[in-house]
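*Asks:* For reference, the sequence and a predicted model appear below.
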Amino acid sequence: MGMRAYYLAIAACFASTADSALHLGTGIYDATGPISDTIMMGMANPSQYAAGLHQRLRSRAFVAYDDATGKRFAFVSLDAGMAGLVLKNRVTAGVEKRLPGMYSENNIGISGTHTHSGPSGFLQDVLYQFSGSGWKPQTLDAMVTGVVESIVMAHNNLTPAGGKIAVGKLTNSSINRSPTAYLENPVEERARYDADTDNNMTVFTLEATNGTELGIFTWFAVHPTSMNNTNDLVSGDNKGYASYLYEQFKNGRTNVTRPGHGRFVAAFASTNLGDVSPNTKGPHCRDTGLPCDILHSTCGGRNEQCSAFGPGKDMFQSCQIIGNNQFKRAVELSEGPGTPLSNGAKPSAGSVDFVHTYVRMPMLNVSDTATGDHLGHLCTAAMGDSFAAGTIDGPGAFDFTQGANSSNPFWHFIAGLLHKSTPAEIACQAPKGILLPTGSVNVPYPWAPDVIPMQILRVEQLVILVVPTEMTTMAGRRFRNAIKVQLVQAGVIDDSAVVVIAGLANDYADYTVTFEEYQQQRYEAASTIFGPHQLSAYIQEFAKLAVAMGTGVQPTPKDRPTDFSNKLFGLRNLSTDHVPDGAKNFGDVMTDVDAQYSRSAESIANITVAGANPLNNLRHQGTFLEVQRCVDAGTCTTWETVAEDGDWETRMHVHKHTKDLVLTTYTFEFNWYIPSDAELGQYRMVAYGTSCDDPLIGKEKFTEFQGVSKTFTVAA
């Protein structure tokens, strides 16, 4: 018997011996938001506007259901910068309409992958609106639809199932971007680990009892920032690419199964990635090529030129390499023996459980869970000076540096116009120098969250700690270990269980560092908004959730966050489209393909068509482009689609133009990077779009159009 067959036999054994009460289901749906005229979410770069599409963004869900206890939950990994309170609320309402009485805020967990190449406009707190495109209904609507549909699909796909868990090292795929802060942690604690990044990948493989493979959900700590702050194409970044590769591996290439439409779902979720960069060549000065100052991430005393790159020659190749590394390691772990999901589980506890609550963070008294010693209290939210310095993945501007509080009186004067921090607030956040007192500003609306969600999900011996923050490497390790101890003591799991962190989930409350890392005040510490005891607060409150899960009592929160999204206003940016100069009709091919291309990665087939505002129709579950191959050589009456806009090998660029001095027009440029294994033969490129006619009186009218290139040949 071959090794693959051997491992599959073991997996089938695990599935057949799983708790017969357990049902699992997976689902996937398009969640791509605006691909133009919207600032990307993550880098806070006001010049980084989306202007095209490289990878579609998707929502990937699994549902776990115990038919013995009736308990169920849905976990979602969403290709987005993060989840948000408004998103969670609207998804909960949407799922309730479709599946009444089955899901609520308590048993739905939504975690963002943290791609920095997705559209902004879905977070209600003012600070995040300033760092993006304000309030953008199209972004939120796309995300809500995608998440709801993926959950409903996973629910409808529920089947008796089991699974296995595998944990293994993945190296050469990440570096710590704040290594000097990591070194502030106790020597004896650091000695327990072999790296300053969390190199463990956890893979949860889901398989029906009849042997059908349902999917995998993985957690590996690395920022999806291979695509840097000059990128203008919407992208799932390295985690999105890893998902694409795994789903293609299981479901077939585009001519067999369109991307995002297969039964097998592969999610690469976020975890404690707070200080972890994928840019493995490390930080160098762009002007000199020399290494940056390690303590402050500066070049000649300024931060703007300090950026991390690699491992590829450009951001696209780097994204491929880091994504491919995650994909290959996930395959190895999933196809290896693993540990049965039910291994050591206590039948009396049931196979599925969940707890959820909200906690008001400012002024929360915090104690050490292990010793009971009182540590202090949390602070009113504030961003420190180093927040404005950015990171080596995306440096900031205005002469701020990491690991130093600004002496620039101008910026503190500006901050003082918003709110002059009190001595008590300054002392609470020390040694952070308060740049933006976000928790004290409520004009026109709150600038930061104050009541945040906390949640634990369990399927047999896999526990997911769902947090609304980006924990650093050591913060995540400390948090994960502490809560596992509490769960074991509460009788929820035994020591063989696997506990993972799902970050940037259900809302967004910035970063969380250890108390020791906080003292150095690099970017992650400056963005730990509730002060130096924030990590201990998470441990304290999640310990309470662990006890609640053990007793079977769902907590009743004292406070709830305020959803004020109904007060926010955002333009939908739809108006009458105009045909660009040089074309007569929408869809006209303005620049056509060459007659022949060689079959190699360096060969690129291009067309440009007369386009319209892509916001008219984001073509969810569809595509703006199809690359088609002639399957009846000679007549070419039958065409087979071999690539579309969800494939890595295609790119779509949206170009805006001015016509008659005042009118805006669009052209779509499509690139097909011809794979080296492309089948020889005749091809064409077909573009799709939708134009809008918005009359002064009456309702707007939308019209579909398409453009077809001439036939071209791919030769050896």
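*Replies:* Perfect, I can see it now. Residues are numbered from 1 along each chain as shown.

*Asks:* Look up how far S297 lies from F217.
*Replies:* Using C-beta to C-beta, to the nearest Å, F217 is found at 33 Å from S297. Just so you know, the C-beta spots here come from the backbone N, C-alpha and C atoms, and that holds for glycine as well.

*Asks:* wait, is A93 part of a helix?
*Replies:* Yes: counting by DSSP: H, G, I helix; E, B strand; the rest coil, A93 is part of a helix.

*Asks:* please renumber so the chain begins at 6
*Replies:* All right, first residue 6 from here; so that's A98.

*Asks:* Could you give the number of residues near it?
*Replies:* For A98, the count of nearby residues is 12 (other C-beta atoms under 10 Å).

*Asks:* Pretty sure F547 sits against R483.
*Replies:* No: with contact defined as C-beta atoms under 8 Å, F547 does not reach R483; the gap is 11.8 Å.

*Asks:* the more surrounded of those two?
*Replies:* A direct count of neighbours by other C-beta under 10 Å for F547 and R483 places F547 higher, at 26 against 21.

*Asks:* For stretch 254-262, list every residue counted as buried.
*Replies:* Within stretch 254-262, the residues that count as buried by 16 or more other C-beta atoms under 10 Å are K255, N256, T259, T262.

*Asks:* whoops, I mixed them up, stretch 446-459
*Replies:* V446, P451, W452, A453, P454, D455, V456, I457, P458, M459.

*Asks:* Over to stretch 308-318?
*Replies:* Going by 16+ other C-beta under 10 Å, stretch 308-318 has these buried residues: N308, E309, Q310, C311, S312, A313, F314, G315, P316, G317.

*Asks:* before we move on, back to that, need the max-distance pair from the buried residues of stretch 254-262.
*Replies:* K255 and T259 (13.8 Å; C-beta to C-beta).

*Asks:* Nearest the geometric middle of this structure, what residue?
*Replies:* T118 (1.8 Å; C-alpha atoms, centre = their mean).

*Asks:* V552: how many residues sit nearby?
*Replies:* Neighbours around V552, by other C-beta under 10 Å: 17.

*Asks:* hang on, D568 in a helix?
*Replies:* No: under three-state DSSP, D568 sits outside any helix and is assigned coil.

*Asks:* Run a quick neighbour tally on it.
*Replies:* Using other C-beta under 10 Å: D568 sits among 14 other residues.

*Asks:* Could you check how far the residue lying closest to it once chain neighbours are set aside is from L104?
*Replies:* The spatial neighbour of D568 that comes closest, neighbours along the chain excluded (C-beta to C-beta, 6 or more residues apart in numbering), is N94 at 5.4 Å. According to C-beta to C-beta, N94 stands 16 Å off from L104.

*Asks:* Could you tell me which of the buried residues of stretch 254-262 are located in helices?
*Replies:* K255, N256 (DSSP state H).

*Asks:* Please state the offset of stretch 525-541 from the chain centre?
*Replies:* Centroid separation for stretch 525-541 versus its chain: 22 Å, with C-alpha atoms, centre = their mean, to the nearest Å.

*Asks:* again, but for stretch 665-674
*Replies:* 32 Å.

*Asks:* same check, this time on stretch 75-83
*Replies:* 17 Å.

*Asks:* Okay, buried residues for it please.
*Replies:* K76, R77, F78, A79, F80, V81, S82, L83.

*Asks:* For Q53, state which of the residues you listed is nearest.
*Replies:* Proximity of those to Q53 was ranked by C-beta to C-beta; the top entry is L83 with 20.3 Å.

*Asks:* With adjacent residues omitted, what lies nearest to that closest one?
*Replies:* S64 (4.9 Å).

*Asks:* which residues in the stretch 506-655 of the chain form helices?
*Replies:* 520-523, 528-531, 539-556 (DSSP state H, counting those that start in this stretch).

*Asks:* wait, the chain
*Replies:* Using DSSP H, helices in the chain cover 8-21, 90-103, 131-135, 142-161, 184-187, 192-195, 242-256, 320-340, 414-423, 428-434, 478-494, 520-523, 528-531, 539-556.

*Asks:* Of the ones you listed, which shows the lowest average pLDDT?
*Replies:* Of all these, mean pLDDT reaches its minimum on helix 8-21 (a mean of 42).

*Asks:* Under the pLDDT cut-off, which ranges of this structure? List them.
*Replies:* The chain contains residues with pLDDT under 70 at 6-25, 350-353, 401-406, 408-420.

*Asks:* distance of G167 from G220?
*Replies:* Counting by C-beta to C-beta - G167 and G220 are separated by 13 Å.

*Asks:* who's more crowded, these two?
*Replies:* G220 (29 against 26).

*Asks:* G267 is in contact with that one, correct?
*Replies:* No: judged on C-beta under 8 Å, G220 makes no contact with G267 at a distance of 9.5 Å.

*Asks:* What is the burial count for T561?
*Replies:* T561 has 7 nearby residues by other C-beta under 10 Å.

*Asks:* from memory G317 sits against Q325, does it?
*Replies:* Yes: G317 is within contact range of Q325, at 6.8 Å (criterion: C-beta under 8 Å).

*Asks:* Okay, and the beta partners of the closest residue to N161 other than its chain neighbours?
*Replies:* With C-beta to C-beta, 6+ apart as the criterion, N161 has its nearest non-adjacent residue at 7.0 Å, and that residue is G30. Beta-bridge partners of G30, counted by DSSP bridges, are V68.

*Asks:* which residues touch G30?
*Replies:* By C-beta atoms under 8 Å, 6 or more residues apart in numbering, the contact list for G30 reads F67, V68, Y70, M158, A159, H160, N161, N162, L163, T164, A166, L219.

*Asks:* Let me know the closest of those residues to L383.
*Replies:* Among these, and counting by C-beta to C-beta, the member closest to L383 is F67, at 33.3 Å.

*Asks:* quick one: contacts for the closest one?
*Replies:* Counting by C-beta under 8 Å, 6+ apart, the residues that F67 touches are 29-32, 79-80, 159, 211, 219-220, 222, 270, 272.

*Asks:* Repeat that for V504.
*Replies:* V468, L470, R485, I488, K489, L492, I498 are the contacts of V504 under C-beta under 8 Å, 6+ apart.

*Asks:* and what of A69?
*Replies:* For A69, counting by C-beta under 8 Å, 6+ apart, the contacting residues are L27, H28, L29, R77, F78, F80, S356, V357, L462, V464.

*Asks:* Counting only strands, which of those make the cut?
*Replies:* L27, H28, L29, R77, F78, F80, V357, L462, V464 (DSSP state E).

*Asks:* Tabulate these in JSON lines, adding columns for distance to Q524.
*Replies:* Output for the ones in strands among the contacts of A69, formatted as JSON lines (distance: C-beta to C-beta, whole Å):
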{"residue": "L27", "distance to Q524": "45"}
{"residue": "H28", "distance to Q524": "48"}
{"residue": "L29", "distance to Q524": "44"}
{"residue": "R77", "distance to Q524": "43"}
{"residue": "F78", "distance to Q524": "38"}
{"residue": "F80", "distance to Q524": "35"}
{"residue": "V357", "distance to Q524": "41"}
{"residue": "L462", "distance to Q524": "33"}
{"residue": "V464", "distance to Q524": "38"}
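
*Asks:* can I assume S323 is in contact with A313?
*Replies:* No: in this structure S323 lies outside contact range of A313 using C-beta under 8 Å: 10.0 Å.

*Asks:* Find residues that contact each of those two.
*Replies:* What both S323 and A313 touch, as defined by C-beta under 8 Å, 6+ apart, is the set N284.

*Asks:* hey, what's the closest residue to R656 other than its chain neighbours bridged with?
*Replies:* Leaving aside its chain neighbours, R656 sits nearest to N676 (4.5 Å; criterion: C-beta to C-beta, 6+ apart). The partner list for N676 in beta bridges (DSSP bridges) reads N611, R656.

*Asks:* Test my guess that N676 contacts D652.
*Replies:* No: the criterion here is C-beta under 8 Å, and N676 misses it with D652 at 11.4 Å.

*Asks:* For these two, indicate the residue with more neighbours.
*Replies:* Shown here are N676 and D652; by other C-beta under 10 Å, D652 has more neighbours (25 against 18).
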